[in-house]
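*Asks:* need coordinates for the below:
(chains A, B, C and D)
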Protein chains: 2
Amino acid sequence: MTASPTAPGTPAPDADWLRLDRQICFSLHAASRAFNGVYRVILKDLGLTYPQYLVMLVLWEQGDLPVKALGEQLRLDSGTLSPLVKRLETAGLVRRERSAEDERSVRVHLTEEGSQMRARALEVPRRIMSATGFDLAEIGELRARLDQLTTALDAAARTEAGAGR
Amino acid sequence: MTASPTAPGTPAPDADWLRLDRQICFSLHAASRAFNGVYRVILKDLGLTYPQYLVMLVLWEQGDLPVKALGEQLRLDSGTLSPLVKRLETAGLVRRERSAEDERSVRVHLTEEGSQMRARALEVPRRIMSATGFDLAEIGELRARLDQLTTALDAAARTEAGAGR
DNA sequence: GACCATTTAGTTGTGCGCAACTGAATCGTG
DNA sequence: CACGATTCAGTTGCGCACAACTAAATGGTC
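*Replies:* You can find the predicted model right below:
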């Protein structure tokens, strides 16, 4: 089906590289979107998008944090986080407060409603797990691979970028 | 570091599930964005975004196709493809033509410039490969896993969706 | 204390992704 | 032939992601 169309023994010609290129990166891209689709369905009850859910997970786990710290953990910059957190605030789940010590910093606090949502979110992971059809070991293995990949890609993006920062 | 914070012998409490959940889905999400970042750097010379590059790959491989067929192969709907293809047309890489037999269908044709770009794109896969730090076998393995995951997730999204179509 | 570089959020603009919808062409069935 | 359902592309609206920028606060150095 997706097997090589190349005659046996022939080194992969450029055309095959383009095919392969599509396959690997596309697989990742497609898997990411598929995950997003499942989350969209499961999170609909909570009224959260997947990135919003990620922010809530971090807050539930670590308590109030500055936007900066959220961005570091989720690898998102203020251009993404600022409007996202603002939407969470509009939904009544968080509150933003300028830090007293450092007026540049904005801490994101959970509201009562935001804290209470955690209880309703507890079932989400299990539903996601079952949707993948993978067991814990397989997921762990895949996760390790992906993290390894991300690290390599991030490093490559910096060097490929020429005189990268 | 990311190891379980749970006391030995204790069955993972719900809190740990929320942690794990963040890790697996987040890993995939992060890897996908990291890939996108590398492509952004590498494709800048060609003036393409990653999704635009995917469309060009399909056209280089299979020749002119209706929008519908592009969407099936890339798992994208017209809401995404229509403006994307329009941008490719503005860039002079493709041409859109209503099919004569079926006036509903629009075939996407490569222009001369679009066809010629293929030669310049041939080096892209190798640069991407080297950016991943993975060899062919590892990539193939990862791809198989991801495709398996996508299939499971797509199916789950349909059934989770309640009376899903 | 004055000045400049850095840090931190936020804003703007562009593109992707998807749900929901519109409109035109086609097909099927009576 | 007529009429309703379906198919296909496109549009609208919303949210995410990121580059590039702005604005305010902070820190370091002379």
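
*Asks:* ok, A:Met117 - contacts?
*Replies:* Contact partners of A:Met117, counting by Cβ atoms under 8 Å, 6 or more residues apart in numbering or on different chains, are A:Leu46, A:Met56, A:Leu93. Bear in mind the C-beta positions are built from the backbone N, C-alpha and C, glycine included.

*Asks:* of those, which belong to strands?
*Replies:* Using DSSP state E, no member of the contacts of A:Met117 sits in strands.

*Asks:* okay, now the domains of chain A?
*Replies:* As assigned by automatic domain parsing, chain A contains the domains A:38-122, A:134-160.

*Asks:* what about the longest one, start to end distance?
*Replies:* The straight-line separation of the ends of domain A:38-122 (Cα to Cα, to the nearest Å) is 16 Å.

*Asks:* and DNA strand D, is that domain touching that?
*Replies:* Yes: judged by Cβ under 7 Å from any atom of the strand, domain A:38-122 and DNA strand D are in contact via A:49-52, A:75-80, A:83-84, A:87, A:101-104.

*Asks:* and that domain, how far from the chain's centre?
*Replies:* 14 Å (Cα atoms, centre = their mean, to the nearest Å).

*Asks:* do the last one as well
*Replies:* The chain centroid and the centroid of domain A:134-160 are separated by 12 Å, computed with Cα atoms, centre = their mean.

*Asks:* please see if it touches DNA strand D.
*Replies:* No: judged by Cβ under 7 Å from any atom of the strand, domain A:134-160 stays clear of DNA strand D, getting no closer than 7.9 Å.

*Asks:* name the helices or strands packed onto the lengthiest helix in chain A?
*Replies:* If you go by DSSP state H, chain A has its longest helix at helix A:14-43. Helices and strands touching helix A:14-43, by 3 or more Cβ pairs under 8 Å, 6 or more residues apart in numbering or on different chains; DSSP states H and E, are helix A:50-62, helix A:124-132, helix B:14-43, helix B:50-62, helix B:124-132, helix B:136-160.

*Asks:* quick one: work out the angle between it and helix B:124-132.
*Replies:* 60 degrees (axes from the mean of the first three to the mean of the last three Cα atoms, to 10 degrees).

*Asks:* columns distance to B:Glu113 and mean neighbour count on top of the helices and strands packed on helix A:14-43, output as JSON lines?
*Replies:* Shown next, in JSON lines, are those (distance: least, Cβ to Cβ, whole Å; neighbours: other Cβ atoms under 10 Å in any protein chain shown):
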{"stretch": "helix A:50-62", "distance to B:Glu113": "37", "mean neighbour count": "19"}
{"stretch": "helix A:124-132", "distance to B:Glu113": "42", "mean neighbour count": "18"}
{"stretch": "helix B:14-43", "distance to B:Glu113": "16", "mean neighbour count": "20"}
{"stretch": "helix B:50-62", "distance to B:Glu113": "11", "mean neighbour count": "19"}
{"stretch": "helix B:124-132", "distance to B:Glu113": "17", "mean neighbour count": "19"}
{"stretch": "helix B:136-160", "distance to B:Glu113": "31", "mean neighbour count": "17"}
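
*Asks:* what's the closest of those helices to DNA strand C?
*Replies:* helix B:50-62 (3.7 Å; Cβ to the nearest atom of the strand).

*Asks:* poorly predicted segments of chain A, please.
*Replies:* A:1-15, A:160-165 (pLDDT under 70).

*Asks:* close to DNA strand C: what parts of it are there?
*Replies:* Going by Cβ under 7 Å from any atom of the strand, the residues of chain A near DNA strand C are A:29, A:33, A:36-37, A:40, A:66-69, A:71, A:77-79, A:81-83, A:85-86, A:96, A:102, A:104-106.

*Asks:* sort out for me which of those are in strands.
*Replies:* Using DSSP E, those in strands are A:Pro66, A:Arg96, A:Val106.

*Asks:* show me what contacts the first one?
*Replies:* The neighbourhood of A:Pro66, defined by Cβ under 8 Å, 6+ apart, consists of A:Ser99, A:Ser105, A:Val106, A:Arg107, A:Val108.

*Asks:* again with A:Ser99
*Replies:* So A:Ser99 contacts A:Pro66, A:Ser105, A:Val106, A:Arg107 (Cβ under 8 Å, 6+ apart).
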